[in-house]
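In: Build me a model:
(one chain, ligands or ions: 1)
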Amino acid sequence: DLFYRQVPKVELHAHLNGSVSFETMETLIKRKPHLNIEHSTTAIRRGQRRSLDECFQVFKVIHQLVDSEEDILMVAKAVIQEFAADGVKYLELRSTPREVTETGLTKQRCIETVLEAIRQCKQEEVDIDVRFLVAVDRRHGPVVAMETVKLAEDFLLSSDGVVVGLDLSGDPTVGHGKDLLSALEKAKNCGLKLALHLSEVPSQRDESELLLNLPPDRIGHGTFLHPEVGGADSLVDKVCKQNIPIEMCLTSNVKGQTVPSYDKHHFQYWYKRGHPCVLCTDDKGVFCTDLSQEYQLAASTFGLTQEAMWMLSQQAIGYTFAPEPIKQRLEKKWAELKQQIL
Ligand code: 5GP
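Out: Numbering: from 1, shown residues only. As a prediction, this is how the structure comes out:
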């Protein structure tokens, strides 16, 4: 639908390596024929479902394909251009810095290379404002988490406002947030905004209870926070009292089978309460979607008008980690475009 492509959008939950498009993936596979990777193993097509565990296997394959500075620069530029082409005007990308001995890739260079991609896109006047969240993979435990926070802290000071926060992601069935609490507290204290994946699976209830006390600045998914799905009133209370926006990824959750069907998505629960919700893609490459499609899907599933969808996109400006003047610039852009589009 042309309308959803035209609506200016804000993307706040996009993992770099999960966002690599079909076309870019093809280029990567051709570059590394010795890996013998089938294209079908890097994405979950229409109508397909996988367990969350299988989704995490997909990231392992993609990480084999994206393992050098050259690869990161290419995928990051392509991903930014694709979001811009889809009408995204403000993007917060997130990625886990990795070390690859064979190619000489370091965590530091990983981040620097994404920042270089952002800089090049800006220079090429791609119509999108891009910020970056350094991601902590929970699977790697507290020591790595603390190292990553220190790295993120350096970039917070040196990146001219491009690095704005920290993400906590990775396989939710591995590890416990209590071990990561001191790293997250440190991040918060030094001024990094926190976007944490919370209650992606039912077993994370105690962890969410703990991490909500930080509190995070935004919540990723939050699928099992509310009591109807085995969460708790106390969790809902904390989220509501602190008014913490929730990043919602419909296709990702349905394809990853943490949500049984679109109409059962927890977007409904929170949206009805007037709680801050923001529609996001999560991994547009892996889940074969884009943000326009997510908007269209939410509108058709929950019977929302174009006006309501416009509001949803505009309100997301307030949930970004951008400084106030940038938010104002975005508000102005939305106001101008509204007359043309709505
Ligand atoms: P990267 O950080 O390498 O740019 O993007 C891929 C990584 O993002 C995955 O290895 C995983 O740690 C994280 N990720 C992507 N999608 C999801 C998701 O749906 N849930 C969680 N918990 N982590 C994810």
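In: CA only for contacts and neighbour counts going forward, please
Out: Fine.
In: Which of the helices and strands in this structure ranks last by mean pLDDT?
Out: One helix or strand of the chain scores below all others by mean pLDDT, DSSP states H and E: helix 52-65, with a mean of 94.
In: after that one, next one along is what?
Out: helix 69-85 (DSSP states H and E).
In: Just the residues contacting the next helix or strand after that next one, thanks.
Out: Of the helices and strands lying after helix 69-85 in sequence (DSSP H and E), the nearest is strand 88-95. With C-alpha atoms under 8 Å, 6 or more residues apart in numbering as the test, strand 88-95 has contacts from 8-17, 83, 127-135, 167, 291, 320.
In: Just the CA trace of strand 88-95, in PDB.
Out: Output of strand 88-95 as PDB, limited to C-alpha atoms (Å, rounded to 0.1, in the frame of the first residue of the first chain):
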ATOM      1  CA  VAL A  88      12.200   5.800   7.400                       C
ATOM      2  CA  LYS A  89      13.400   9.300   8.300                       C
ATOM      3  CA  TYR A  90      15.000   8.400  11.600                       C
ATOM      4  CA  LEU A  91      16.700   5.100  12.300                       C
ATOM      5  CA  GLU A  92      18.400   3.700  15.400                       C
ATOM      6  CA  LEU A  93      20.500   0.700  14.300                       C
ATOM      7  CA  ARG A  94      21.900  -1.700  16.800                       C
ATOM      8  CA  SER A  95      24.700  -4.300  16.400                       C
END
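In: can you pull the buried residues of the helix or strand following that strand?
Out: Sequence order places helix 107-123 as the next helix or strand after strand 88-95, per DSSP H and E. By 16 or more other C-alpha atoms under 10 Å, the buried positions in helix 107-123 come out as 108-118, 121.
In: Identify the residues contacting helix 107-123?
Out: 69, 72-74, 76-77, 80-81, 97-99, 128-130, 132, 134, 151, 159, 162.
In: buried subset of those?
Out: Here, 16+ other C-alpha under 10 Å leaves 69, 72-74, 76-77, 80-81, 97-99, 128-130, 132, 134, 151, 162 buried among the contacts of helix 107-123.
In: Count the neighbours of the residue lying closest to residue 58 once chain neighbours are set aside for me.
Out: Leaving out its chain neighbours, the residue that sits closest to residue 58 by C-alpha to C-alpha, 6 or more residues apart in numbering is residue 42, at 5.6 Å. Neighbourhood size, residue 42 [other C-alpha atoms under 10 Å]: 24.
In: how close does the closest residue to the ligand within the stretch 101-250 of the chain sit to residue 2?
Out: Per C-alpha to the nearest ligand atom, residue 170 is where the stretch 101-250 of the chain lies closest to the ligand, at 3.4 Å. Distance of residue 170 to residue 2, given as C-alpha to C-alpha, to the nearest Å: 34 Å.
In: who's more crowded, these two?
Out: More crowded of residue 170 and residue 2, by other C-alpha under 10 Å: residue 170, with 18 against 8.
In: For that one, report the pLDDT, please.
Out: Looking at residue 170, its pLDDT reads 97.
In: Could you do residue 233 as well?
Out: 98.
In: Please apply the same query to residue 200.
Out: 98.
In: Tell me if I'm right that it and residue 223 touch.
Out: Yes - using C-alpha atoms under 8 Å, residue 200 is in contact with residue 223, at 5.2 Å.
In: which residues are common contacts for these two?
Out: Joint contacts of residue 200 and residue 223 (C-alpha under 8 Å, 6+ apart) are residue 258.
In: list the contacts for residue 16?
Out: 75-76, 79, 93-95, 283.
In: Just name the closest of those residues to the ligand, please.
Out: The closest of these, once distances to the ligand are taken by C-alpha to the nearest ligand atom, is residue 95, at 3.5 Å.
In: so where is the stretch 51-200 of the chain shaky, pLDDT-wise?
Out: The stretch 51-200 of the chain contains no residues with pLDDT under 70.
In: ok so, going back, can you tell me how far the residue of the stretch 101-250 of the chain closest to the ligand sits from residue 122?
Out: Distance from residue 170 to residue 122, by C-alpha to C-alpha: 30 Å.
In: Would you confirm that residue 24 contacts residue 75?
Out: Yes - between residue 24 and residue 75 a contact is recorded at 6.9 Å, counting by C-alpha under 8 Å.
In: sorry, back to before: identify the residues contacting the least confident helix or strand of the chain?
Out: By C-alpha under 8 Å, 6+ apart, helix 52-65 touches 17-18, 28-29, 32, 37, 41-43, 71, 171, 256-258, 286.
In: Next: stretch 256-265.
Out: 49-52, 55, 200-201, 223, 250-251, 253-254, 301-302.
In: Let me know the closest of the residues you listed to residue 235.
Out: Ranked by distance to residue 235 (C-alpha to C-alpha), those are led by residue 223 at 11.8 Å.
In: my guess is that closest one meets residue 197, correct?
Out: No - using C-alpha under 8 Å, residue 223 makes no contact with residue 197, being 9.6 Å away.
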